[in-house]
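Enquirer: from the sequence below, what's the structure:
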Amino acid sequence: MTLRFVGIDPNTGGEGSPTVWVEEESADLVLQGEEADELLKALVGSTEWVAGHKTGIPAHERVIRIPARMVPILREACNAAERASAQHRDVR
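Expert: Residues are numbered from 1 along each chain as shown. As a prediction, this is how the structure comes out:
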């Protein structure tokens, strides 16, 4: 597994900060962020966001919060993931 570092919260204080990577082989985004508080998790978990889709947050998933100031970093990561995904499709 190879991770490509894309960016870290520009307001980081040097400890556990929201961070974004792209996993090169799968082109998946990998995010580190603050775990959502109980109120946000309750809202996400109890709302039927897609008709007919089960509500709740599966045990293997987490709701995280990424600061809005990281939108440019996420955009860069999405572009990198899209390029990596296209390269993998071209090879196959």
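Enquirer: residues in contact with Ala80?
Expert: Residues touching Ala80, when contacts are defined by C-beta atoms under 8 Å, 6 or more residues apart in numbering, comprise Arg4, Val6, Val22. The C-beta positions use only the backbone N, C-alpha and C, and glycine is treated the same way.
Enquirer: which helices and strands sit right next to the helix or strand hosting the last one?
Expert: The one in question is Val22. Taking DSSP states H and E as the definition, Val22 sits inside strand 19-23. Applying 3 or more C-beta pairs under 8 Å, 6 or more residues apart in numbering; DSSP states H and E, we find strand 19-23 packed against strand 3-8, strand 28-32, helix 71-91.
Enquirer: what's the neighbour count on the closest residue in space to Lys41 that isn't next to it in sequence?
Expert: Once its chain neighbours are removed from consideration, Lys41 has its nearest residue in Val63; the separation is 5.3 Å (C-beta to C-beta, 6 or more residues apart in numbering). By the criterion of other C-beta atoms under 10 Å, Val63 has 15 neighbours.
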